[in-house]
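K.L.:
Sequence first, predicted coordinates after that:
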Amino acid sequence: MLNSEVNKENLKVMVVRFYTKVLSDDIVGPFFVAKLGSDLKSDEWITHIELLTNFWASISIGDNEYRGNPFGPHMHLEGLSREAFTQWLIMFFEVIDSVYEPQIASFFKQRSEIIAGNFMRNLGL
C-alpha cells in the first residue's frame with residue numbers, strides 16, 4: 001500500500017529500499033560500495049541511512065535533525081558522470097513510486113531532479 005503522508009518511518013523505508021537497489025546496480029553501486037561496503041547492516045551503512053533519512057525529512061517535513069553537507073562528499077568521487085546521476089534518478093523514481101502516492105512521489109521527484117541538476121552543474125558534468 002502506498003503512503004499518503006510522509007513521516008520518518010516511511011522515509012527510512014524509502015531510503016533502505018533505494019540503497020538496496022543501488023547496491024545491485026552496476027553504474028551507481030560501485031561508488032557506494034567503495035565508500036561504505038556492501039552490507040547495509042554495517043555501522044557505516046546504518047549511519048548513512050540515518051543521515052539520508054534525516055536529509056529527506058528536512059526537505060519534506062521540515063525536520064531539523066539533518067546535519068551535513070549533501071554536496072561535499074560528491075566533490076571527490078572519481079568517475080562520477082551524468083550517466084551515474086541519470087541512473088540514480090531512474091532508480092530513485094522507481095523506489096519513490098513504490099513507497100508514496102503519486103502526489104507525494106511527484107514532490108520527491110521534482111526535488112531530486114533539482115538536487116541532481118545542481119550537483120552536476122557544480123561538478124562541471
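P.N.:
Right, received. Where do you want to start?
K.L.:
use CA for all of it now, contacts and neighbours both
P.N.:
Fine.
K.L.:
And the helices in the chain, which stretches?
P.N.:
All helices of the chain, identified by DSSP state H, fall at 8-23, 29-36, 43-60, 82-99, 102-123.
K.L.:
From H48, how far out is Y66?
P.N.:
From Y66 across to H48, the span is 11 Å (C-alpha to C-alpha, to the nearest Å).
K.L.:
Tell me the spacing between L80 and Y66.
P.N.:
24 Å.
K.L.:
nope, F55 is what I meant
P.N.:
5 Å.
K.L.:
okay, the two: which has more neighbours?
P.N.:
F55 (21 against 18; other C-alpha atoms under 10 Å).
K.L.:
Near M1, how many other residues are there?
P.N.:
M1 has 7 nearby residues by other C-alpha under 10 Å.
K.L.:
Leaving out the residues flanking it, which one is nearest to it?
P.N.:
V99 (7.8 Å; C-alpha to C-alpha, 6 or more residues apart in numbering).
K.L.:
contacting residues around the one you found?
P.N.:
1-3, 10, 13-14, 105 (C-alpha atoms under 8 Å, 6 or more residues apart in numbering).
K.L.:
Please name whichever of the helices of the chain is nearest to P73.
P.N.:
Among those, helix 29-36 comes nearest to P73, with 10.0 Å by C-alpha to C-alpha.
K.L.:
what's the angle between the closest one and helix 43-60?
P.N.:
110 degrees (axes from the mean of the first three to the mean of the last three C-alpha atoms, to 10 degrees).
K.L.:
Identify each buried residue in helix 29-36, please.
P.N.:
29-31, 36 (16 or more other C-alpha atoms under 10 Å).
K.L.:
How about stretch 6-21?
P.N.:
8, 10-12, 14-19, 21.
K.L.:
Among those residues, give me the pair with the biggest separation.
P.N.:
K8 and K21 (19.8 Å).
K.L.:
low-scoring pLDDT stretches of this protein, where are they?
P.N.:
In the prediction, the chain carries residues with pLDDT under 70 at positions 72, 74-75, 77.
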